[in-house]
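*Asks:* Just the structure for this:
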Amino acid sequence: MKRFLVNVSCFLKRINKVYLIIAGFIAFLWFLIRVIPKPSRAAYPCQRVAFPLASGFIIWLSVNVVSTFGLKKLISAYKKKSTIINLSAIVLIAFFYFLWLGVFPLKSGSANTAAKEYFVPIDSPNSPVGVPRGIFPGRVAWAYDSTASRWNGTSGNWWQDQNTDQAVVDDMLSRSLEQLSGKDNDVAAWDTIFKFFNYAHNKGTVGYTQGEKIAIKINLNQCTGTGNNGNSSYPSPQVVLALLRQLVNNGGVPAEDITFYDINRSVPKSITDRCKNEFSTVHFVGSMVDHNQEKFVRDTVPAGLLGGKPAHFLKIEIQFFKEQNLLQSFYVFMDFTPDRRMMGRIRAVLESDKRITRYHKLRARMAGSRILVDVHIHVPHEMPVNEAHTISHEIERKILDGIPQVKEVSIHIEPD
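*Replies:* Below is the predicted model of the structure:
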């Protein structure tokens, strides 16, 4: 029996080595397939996990190849009684042996040393990337409450009510909305958010209008079905319900006009049941028809060919929208002049500057979603050239800052 157990133990050790080699090989292939086409992917978390395995596999392979080659040379040199070659081969084998110990240490505890080191970001604090946008450009709302989650990591599921406090989550979302919008109540916060969205999309400074649809994309990559998916990582049901409550109760959006979706996954019951119990008409759309979930349907008709209503590639969008007519759809692609409201805003900037006597040949055209402006302004003939150029630059800046859709302004100066 003792011999049998020893044999089993040796067999398991060999199996573990084989698994390690296979894992290293797969990690190496995965690293090559993902990182070579796009080197920036090397910073992805999955690649950070794969790289040590892949590099360990390459070093292991190198050690074995070089050691085998060196061993053959050693045997050959030994037969020829070559002292120098014997010593060189011994040093080479010893080097790779200690290198092996460094990559795969014999003590299991030493493998955790790197995990204990603290993460140090490569960028310095307060170094934003990109162009700031939003009601307060660049603002990020942050809410923290240690009482929101009480899960001990073992008992039950993290998303159950005894482990995640719905009331605390509701309060955290409320505070975030008010911080983001600069308002002191949730109704005003949503009104500000909707108005900014419409203003930024050339729809005027108007709030939510009945009939507009809102679709929220939720990331369900770790969900394998509409069951509860155990303790997999996915959006908190409490957060989804908190957002739904906000939209309906404070944003004024009917539940039937709200859709949560992930067309490549199924929405877990822990989310759909919680939300449907309170708002039965809200929609959940996933990859299949299942418990409290609809299957997504792709549009197959080109935009603008169904009674003047544009057909979207998907029935749902990340943002809320109004249906547009056929003519408006063509405007975006045919370099048409912006609508009267937009032209009025440009004229208002020009007419507000009393340093110019008049303007003419005001032209604006749409290049996709961008607006390009060209205008001639008149200044008193005795005005110095440098002063006239300063005025033109200031007017250009007022138009660009005040009307986000305008991306380019050309101003021609003429003496009056």
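*Asks:* From here on, just use CA atoms for contacts and neighbour counts.
*Replies:* Noted.
*Asks:* what kind of secondary structure is residue 21 in?
*Replies:* helix (DSSP: H, G, I helix; E, B strand; the rest coil).
*Asks:* any low-confidence regions in the chain?
*Replies:* Within the chain, the stretches with pLDDT under 70 are 1-20, 38-47, 63, 65-119, 121, 123, 226, 299-337, 367-369.
*Asks:* count of neighbours near residue 158?
*Replies:* If you count neighbours by other C-alpha atoms under 10 Å, residue 158 ends up with 20.
*Asks:* On the three-state scheme, it is what?
*Replies:* Following three-state DSSP, we place residue 158 in the coil state.
*Asks:* Number of residues surrounding the closest residue to it other than its chain neighbours?
*Replies:* Among residues not flanking residue 158 along the chain, residue 151 sits closest, at 5.6 Å (C-alpha to C-alpha, 6 or more residues apart in numbering). By the criterion of other C-alpha under 10 Å, residue 151 has 16 neighbours.
*Asks:* Can you give me every residue that contacts residue 151?
*Replies:* 157-158, 162-164 (C-alpha atoms under 8 Å, 6 or more residues apart in numbering).
*Asks:* Could I get those in TSV, plus columns for distance to residue 203?
*Replies:* Output for the contacts of residue 151, formatted as TSV (distance: C-alpha to C-alpha, whole Å):
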residue	distance to residue 203
157	44
158	42
162	44
163	43
164	39
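*Asks:* Return the set of buried residues in stretch 220-232.
*Replies:* Within stretch 220-232, the residues scored as buried using 16 or more other C-alpha atoms under 10 Å are 220, 223, 225-226, 228-229.
*Asks:* Strands of the stretch 201-350 of the chain, residue ranges please.
*Replies:* Assigned by DSSP state E, counting those that start in this stretch, the strands in the stretch 201-350 of the chain fall at 214-217, 258-261, 283-286, 294-295.
*Asks:* looking just at contacts, which helices and strands does the first one meet?
*Replies:* In this case it means strand 214-217. Strand 214-217 is packed against strand 258-261, with contacts defined by 3 or more C-alpha pairs under 8 Å, 6 or more residues apart in numbering; DSSP states H and E.
*Asks:* what residues does the strand it packs on touch?
*Replies:* Contacts of strand 258-261 (C-alpha under 8 Å, 6+ apart): 213-218, 267, 282-286, 316.
*Asks:* give me that answer again for 10 Å
*Replies:* Identification of contacts with strand 258-261 by C-alpha atoms under 10 Å, 6 or more residues apart in numbering yields 212-220, 240, 244, 247-248, 267, 272, 281-287, 293-296, 316-318, 320.
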